[in-house]
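S.K.: have a look at this prediction, sequence included:
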Amino acid sequence: MTALASATDAGNQLNLADLVSQLLQAYINYVEQLYAPIIDFLQDPVGNGMQLITDFLTNPSQALVAWGRSCSPLPTRPSLGSGRHSPIPN
């Protein structure tokens, strides 16, 4: 009976360890997703800053929607092309 109890305890500990591992992985994914737009912007700060200013001078409402969405922690489409972030098409 004690062997069965220790096997059950071992199974519970594995489930708990798996749960903790999954929670840590989810937290890491969330933090990476949160900082990804900042890191992308900082890879070319001058070019992205100029693009940001140009977008706001061209069409402020569309730029606010596009750049605001790119800075939110919600998933967005990956940028295509040269790697420069340009949320508003030219």
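M.R.: Thanks, I have it. Numbering: from 1, shown residues only.
S.K.: for whichever strand or helix holds S61, packing partners?
M.R.: Applying DSSP states H and E as the criterion places S61 in helix 60-70. Helices and strands touching helix 60-70, as assessed by 3 or more CB pairs under 8 Å, 6 or more residues apart in numbering; DSSP states H and E, comprise helix 45-58. The C-beta positions use only the backbone N, C-alpha and C, and glycine is treated the same way.
S.K.: average pLDDT across the helix it packs on?
M.R.: The average of the pLDDT scores along helix 45-58 is 91.
S.K.: repeat for stretch 23-35
M.R.: The model assigns stretch 23-35 a mean pLDDT of 91.
S.K.: put the alpha carbons of that stretch into CSV.
M.R.: Taking C-alpha atoms only, stretch 23-35 is exported to CSV below (Å, rounded to 0.1, in the frame of the first residue of the first chain):
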residue,chain,number,x,y,z
LEU,A,23,3.4,28.5,-16.4
LEU,A,24,7.0,29.7,-16.7
GLN,A,25,7.0,29.0,-20.5
ALA,A,26,3.7,31.0,-20.9
TYR,A,27,5.2,33.9,-18.9
ILE,A,28,8.4,33.9,-21.0
ASN,A,29,6.3,33.9,-24.2
TYR,A,30,4.2,36.8,-22.9
VAL,A,31,7.3,38.9,-22.0
GLU,A,32,8.9,38.2,-25.3
GLN,A,33,5.7,39.2,-27.1
LEU,A,34,5.5,42.3,-25.0
TYR,A,35,9.0,43.5,-25.7
